[in-house]
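Requesting a structural model of the entry that follows:
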Amino acid sequence: MDPLSITASIIAIVGLSSKVIGYLNDVKGASNDRARCAIEASNLNTLLVTLNFRIQEATSNKPWYAAIQILAIKDGPLDQYRYALEQLQPRTISGSGIKKIGNALLWKFSKEEVTSIISRMERLKMLVQIALEMDHL
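Numbering: from 1, shown residues only. Sure thing, here's the model as predicted:
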């Protein structure tokens, strides 16, 4: 995968991540779970922005670039994180008007769903950190 494709994927994920973080900051009724998701998404967002800048500065013949390509394969870590973010977006709510808006701001995730999403975020965070450290070697 070329650097431009990886950069485009990261930029799309960072944009989605920003939207989800905004939603998590507005949602009501799940203080611990919501906060954990928001913190993990925010930390990972920072790492992805750093990774994106490193990719833009690098050439594809650097050894660590192979590790970056693995992050961006189809259904790989970046795709899994995007899926996790899509799960966190406000769920479709039936109804109309103010009731629909109010329902969208309520936390509707089970403990198991949150645990699964956070574990995916933590795995990607670890992989991105390793990739960034490999750049220094």
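
Which SSE is immediately downstream of the least confident helix or strand in the chain by mean pLDDT?
Between all helices and strands in the chain, the lowest mean by mean pLDDT, DSSP states H and E belongs to helix 97-104, at a mean of 54. Proceeding N to C from helix 97-104, the next assigned helix or strand is helix 111-136, under DSSP states H and E.

from memory residue 89 sits against residue 22, does it?
No. Applying Cβ atoms under 8 Å as the test, residue 89 and residue 22 come out as separate, 10.4 Å apart. Just so you know, the C-beta spots here come from the backbone N, C-alpha and C atoms, and that holds for glycine as well.

shaky segments in the protein?
Within the chain, the ranges that satisfy pLDDT under 70 run 1-2, 27-31, 60, 90-107, 135-137.

Am I right that residue 84 is in contact with residue 119?
No. Using Cβ under 8 Å, residue 84 is not in contact with residue 119; the gap is 9.2 Å.

which one of those two has more residues nearby?
Neighbours were counted for residue 84 and for residue 119 using other Cβ atoms under 10 Å; residue 84 has more, 24 against 12.

how much space between that one and residue 26?
Distance, residue 84 to residue 26, using Cβ to Cβ, to the nearest Å: 19 Å.

try residue 11
Residue 11 sits 23 Å away from residue 26, taking Cβ to Cβ as the criterion.

swap in residue 63?
43 Å.

Check residue 71 too.
Computed as Cβ to Cβ, the residue 71 to residue 26 distance reads 30 Å.

Neighbour count for the two, which is higher?
For residue 71 versus residue 26, neighbours defined as other Cβ under 10 Å are more numerous around residue 71 (22 against 11).

Isn't that one up against residue 131?
Yes. With contact defined as Cβ under 8 Å, residue 71 counts as touching residue 131 (6.4 Å).

ok, residue 3 - how many residues close by?
So residue 3, with other Cβ under 10 Å, has 18 neighbours.

Surely it touches residue 56?
Yes. Residue 3 is within contact range of residue 56, at 7.2 Å (criterion: Cβ under 8 Å).

In contact with the nearest residue to residue 68 once chain neighbours are set aside, which residues?
In this structure, residue 68 finds its nearest non-sequential neighbour in residue 131, 5.6 Å apart by Cβ to Cβ, 6 or more residues apart in numbering. Applying Cβ atoms under 8 Å, 6 or more residues apart in numbering to residue 131 gives the contacts 51, 64, 67, 68, 71.
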